[in-house]
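Student: Can you look at this prediction? I've put the sequence above it.
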Amino acid sequence: MNSAPVTGPLNADTFRNIAKSATPWVVNIRTEMKTRTQDLTDFFGGGGSPDDLFHRFFGGPLPPAGGSQDDQAPGQGQGQGGGRRRPREQTTQAAGTGFIITKDGFILTNNHVVEDATKIHVAFYGEGDDVEYDAKLIGRDPLTDSALIQLVEKPGHALPEAKFGDSGQIAPGDWVMAIGNPFGYTHTVTVGVISATGRAFRVTTGRNNDMIQTDAAINPGNSGGPLLNLRGEVIGVNTAIITNARSEGNIGIGFAVPINTIRDLLPQLRTGKIIRGRIGVSVQEVPREGYEEYEDFGLKSRAGAVVAQVTLAGAADKDGLKPGDVITQYNGRPITKSDDLVKMVVATKPGTSVPVKVIRDKQEKTLNVTVEELDLEAEQSAGGRRPTNPDQEPPEQHTTGSFGLTLDNLTPQMARRLRVPSGQTGAVVSEVEADGPAAGLLRQGDVILSVNGQAVSNASAAAAELRKVQSGHL
């Protein structure tokens, strides 16, 4: 890895030479998945989430392998029989991209490309669309949307391998190249610049990752492909794009996972298990407005992470952390924002006892917290919510799509911070969509006590009342 920033003039052959060097180790990935569907969906269609703004860019699904709507069991055709249709199993296909990282056939790609695959097929540059090699899943990590696969059968020729760059050295304005399989157009090369670094992007429920933003054209099918610097080194893995209602393709805003993030995970990906730490808290930024000012917490600046919720019987609960605490240091390292704490905790080996410095009631104190192991799949299956201390309201969070609001319960701890009278119930506005109907009318930290004259006791009740209201008639 060359850690020096990329410098030097561009010439007419710069991008041509990068593409020529890198294309041989970029592969096309085709996956097969088993899905169970009702026959009625053949005629009325399944449904994706209409508000899925951040498109994961599978290329796909392709037509069912080995069948069509005409391949139906007796009595299940259109107009035959009635009542409830029996579910059937179909094989669907999707496409993505990956790149070779070792000569013995290890390939990096995105988790969402392969996580549900029953079969994985890999095609190499220059061998024809009908020449594929089987691969198997070795390890995957939903938190970074990364996956490692390995060729089960290998081609007769030697395998080229990618070179890693240093994503810590990139900066906005740097030239980059993306290579991938958009819409099935294999080994497509596009060029752009780094638009931003360190973009917080939600890759899985309740958890953000710092991403590289680029305007290099990436589209459905580019998932898992490399983002390259001018030395032809991988500095990111293309993962997601923002789309609008009129297009599923590129509008100039794409995201890649920094290669430094994935490089650190590779040893664990090879074992098939990612081990991370957790302490069992939900945290938020020290509020800028709507809540108390940072001085009211006893802070000298907005640096820190406010503990919003504590998991019942979790590490933080056992070791004395409480809602309303402001964590300013973790294991001797300062916390500037809440994401800093999250990154430090997940990187800590489970079982480690870590000193955590907090501000509580304007007094500084240090607690020793023993880190637990993060079970990400269990957390996701629970929707990112876990039981909390009995003196807290359930940590429900509700999103009102028609108004662009995210609401939390008004807990006793939150009521104290907001200077709401003791015993008052209601819902707290925790997020307002910038372009939503409520923008400019409500803001983070506002407390909703009633909707159209109907008192609401918590976030669920407020969301239910808002759903009864037509847009523009609140």
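Tutor: Received it, and whenever you're ready, just let me know what you need.
Student: What residues does the most centrally placed residue in the chain make contact with?
Tutor: Centroid-nearest residue in the chain: V203, 0.1 Å away (criterion: Cα atoms, centre = their mean). Residues near V203 by Cβ atoms under 8 Å, 6 or more residues apart in numbering: P142, L143, T144, D145, N209, T239, A240, V257. Backbone N, C-alpha and C define where each C-beta goes, glycine included.
Student: What is the burial count for G98?
Tutor: Neighbour count for G98, taken as other Cβ atoms under 10 Å: 31.
Student: host element of the residue nearest to the centre of the chain?
Tutor: strand 188-204 (DSSP states H and E).
Student: ok, and for that strand, which residues are buried?
Tutor: T188, V189, T190, V191, G192, I194, S195, T197, F201, V203, T204 (16 or more other Cβ atoms under 10 Å).
Student: Show me which of these is closest to S21.
Tutor: Of all the buried residues of strand 188-204, V189 has the smallest distance to S21: 11.6 Å, by Cβ to Cβ.
Student: can I assume the closest one is in contact with V176?
Tutor: No: between V189 and V176 there is no contact under Cβ atoms under 8 Å: 11.5 Å.
Student: that older thread, with T91 as the reference, measure out to the residue nearest to the centre of the chain.
Tutor: 27 Å (Cβ to Cβ, to the nearest Å).
Student: Now the closest residue to I29 other than its chain neighbours. Its backbone dihedrals?
Tutor: Counting by Cβ to Cβ, 6 or more residues apart in numbering, the nearest residue to I29 once its immediate chain neighbours are dropped is G96, at 4.6 Å. With angles defined as degrees, to the nearest 10, G96 sits at phi -150, psi -160.
Student: and G96, what is it in contact with?
Tutor: When contacts are counted by Cβ under 8 Å, 6+ apart, G96 touches 28-29, 31, 57-59, 109-110, 113-114, 181, 221-225.
Student: Return the member of these nearest to F297.
Tutor: Within the contacts of G96, proximity to F297 (Cβ to Cβ) peaks at N110, which comes in at 39.7 Å.
Student: so V257 makes contact with A147?
Tutor: No: using Cβ under 8 Å, V257 is not in contact with A147; the gap is 11.2 Å.
Student: Tell me who's in contact with T271.
Tutor: Counting by Cβ under 8 Å, 6+ apart, T271 makes contact with G139.
Student: How much space separates it from S167?
Tutor: For T271 relative to S167 (Cβ to Cβ), the value is 23 Å.
Student: Who's the closest spatial neighbour of I149, skipping the chain neighbours?
Tutor: Closest residue to I149 apart from its sequence neighbours, by Cβ to Cβ, 6+ apart: A135 at 4.6 Å.
Student: Would you confirm that P182 contacts V189?
Tutor: No: in this structure P182 lies outside contact range of V189 using Cβ under 8 Å: 10.6 Å.
Student: List the contacts of the residue nearest to D361 when sequence neighbours are not counted.
Tutor: For D361, ignoring the flanking residues on the chain, the nearest one in space by Cβ to Cβ, 6+ apart is G298 at 7.4 Å. The contact partners of G298, taken as Cβ under 8 Å, 6+ apart, are V326, I359, D361, K362, Q363, E364.
Student: per-residue pLDDT, G298?
Tutor: Looking at G298, its pLDDT stands at 71.
Student: Report the buried residues of the helix or strand harbouring V257.
Tutor: Here V257, judged by DSSP H and E, is contained in strand 254-258. Judged by neighbour count (16+ other Cβ under 10 Å), strand 254-258 contains these buried residues: G254, F255, A256, V257, P258.
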